[in-house]
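S.K.: Build me a model from this:
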Amino acid sequence: MFVDNVKIQIKGGRGGDGCVSFYRAKYITSGGPDGGDGGRGGDVTFLADESMATLMDFRYKRKFAAQEGAKGGGRNCSGKDGESIVVKVPVGTVIREAASQRVMADLVAHGQSAVLIKGGRGGRGNQHFATPRRQAPRYAEAGKESKVYDITLELKLIADVGIIGLPNVGKSSLLRTATNANPKIADYHFTTLAPNLGVVRSRLGNDFVMADIPGLIEGASEGAGLGHAFLRHIERTRLLVHVVDAACVEGGDPIENIKLINSELEAHSANILALPQVIAANKMDITGAEEGLERLRAEFGDIFPISAATGEGVNELISYVSQLVSQQPKMEPLVPDFFEYEAGLELGHDNEPFTVEIVDEGVYSVEGLGIERMLGFTSIDTEKGFAFFQRYIKEKGINTKLEEMGIQEGDTVKLYNLEFEYYK
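M.R.: Residues are numbered from 1 along each chain as shown. Just a heads-up that it's a prediction; the model follows:
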């Protein structure tokens, strides 16, 4: 099965918590703090691998998580860093954040990689908080939570030339005749259910990759037939070979058939329609094809008459396409913009507004980027951490806002996963 679009979840490793510890040895019962730092969480990296042809593997595993960092230990022992994970994807995979559909990475070459999530930083041990006035701090820093993203993987084949046309016009036959590919060929519609790739060995030395794009019919850009699923594979091509049935074996008019396909390309993307097109009038070995060829020439000008079944005219077509494709610029990969967008949202998080909502009777929910960040770095279970938390709530103005909304003593306040009863 050819799978070219999936949705998965990725999660970086959480940083390990810092340790609260004091040096102990024979005859030393009140040593100084020696709590070690927590280990850093593992990263999530994506790697383009040419040995993969589809995204089939992701149909069975949808969640990928890096390892958490280990907690710090006594005697200044730092926790072990969490193991990172490398997720392999086919060459040509576009990675987008699912909610915004912004590009996170576009992997177009074998061995190209992108780190999508950095592991969370480990928390500092209590040794870092010792001062001349506070020589025995009994608190440490919590490890930082890492990011979690729902992402979509979208495979766009890397091909120089795309073969387009209605079903059963001979696209797969042309690919087999011109390249070393061996696509399925039969006398019925939608024989080809997945794009096929083949390498054309040109006598001029301009080798190129050719792809047979299946499923284009009227309404393909709106999801009819198979076209909606495979139109994306044309987006990276440098030019198109438009195959048309000059003999009208399936009926219809060859001129109208070309216009129909082009209208679907335009509806999907104006950039695709702007690509150079070479029209190949196929099935010239069948009676009546000459009449169709003359009509096509009168409408579109230069046309290459071929017979993919016998090989007639294919060499001339490939020779021309080889010269033309060498003159076309290569398609540039998409520029990632998600992380810049995300950084813009987080810029100045301390001044980021918070929201307070009444989610139930006597229950108030408080959310905000600065609050989320504070909770990630503060150990509420310690005396010092809880004091810092209370001071933050007051300085941020959250207490004032809650009172304006009518909160009473004993009501519940929820800050993400933290809940506490409100008292003045």
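S.K.: quick one: the helices in the stretch 201-350 of the chain?
M.R.: Ranges of helices in the stretch 201-350 of the chain, per DSSP state H, counting those that start in this stretch, are 227-230, 254-268, 270-273, 289-300, 314-326, 338-346.
S.K.: Can you say which of the ones you listed is packed in most?
M.R.: Each of the helices of the stretch 201-350 of the chain was scored by mean neighbour count; the highest is helix 227-230, a mean of 21, by mean count of other C-beta atoms under 10 Å. All C-beta spots, glycine's among them, are computed from the backbone N, C-alpha and C.
S.K.: Okay, and residue 8 sits in which element?
M.R.: strand 5-11 (DSSP states H and E).
S.K.: Quick one: list the elements packing against that strand.
M.R.: When contacts are defined as 3 or more C-beta pairs under 8 Å, 6 or more residues apart in numbering; DSSP states H and E, strand 5-11 packs onto strand 63-65, strand 113-117, strand 148-155.
S.K.: Return the list of helices and strands in contact with the last one.
M.R.: Of the remaining helices and strands, those touching strand 148-155 by 3+ C-beta pairs under 8 Å, 6+ apart are strand 5-11, strand 85-90, strand 93-97, strand 113-117.
S.K.: Name the residues that touch whichever helix or strand comes after the third one?
M.R.: If I follow you right, that is strand 93-97. Downstream of strand 93-97, the next assigned helix or strand under DSSP H and E is strand 103-107. Strand 103-107 is contacted from outside by 46-48, 89, 91-97, 113-114, 116, 149, 151, 333-339, using C-beta atoms under 8 Å, 6 or more residues apart in numbering.
S.K.: and if you look at stretch 294-312?
M.R.: With C-beta under 8 Å, 6+ apart, stretch 294-312 has contacts from 170, 173-174, 176-177, 243-244, 246, 254-255, 258, 278-285, 289, 293, 313-314, 316-317, 320.
S.K.: Same check on stretch 16-35?
M.R.: 36-41, 68-77, 79-80, 82, 122-130, 135-143, 379, 382.
S.K.: which of these are buried?
M.R.: The neighbour count (16 or more other C-beta atoms under 10 Å) marks 36-41, 68-74, 76-77, 79-80, 82, 122-127, 129, 137, 139-143, 379, 382 as buried among the contacts of stretch 16-35.
S.K.: Okay, and which of the residues you listed map to helices?
M.R.: Using DSSP state H, the subset of these located in helices is empty.
S.K.: Off-centre distance for stretch 147-164?
M.R.: 8 Å (C-alpha atoms, centre = their mean, to the nearest Å).
S.K.: What are the buried residues along that stretch?
M.R.: Quick answer for stretch 147-164 (16+ other C-beta under 10 Å): 149, 151-164.
S.K.: Quick one: end-to-end length of it, please.
M.R.: 41 Å (C-alpha to C-alpha, to the nearest Å).
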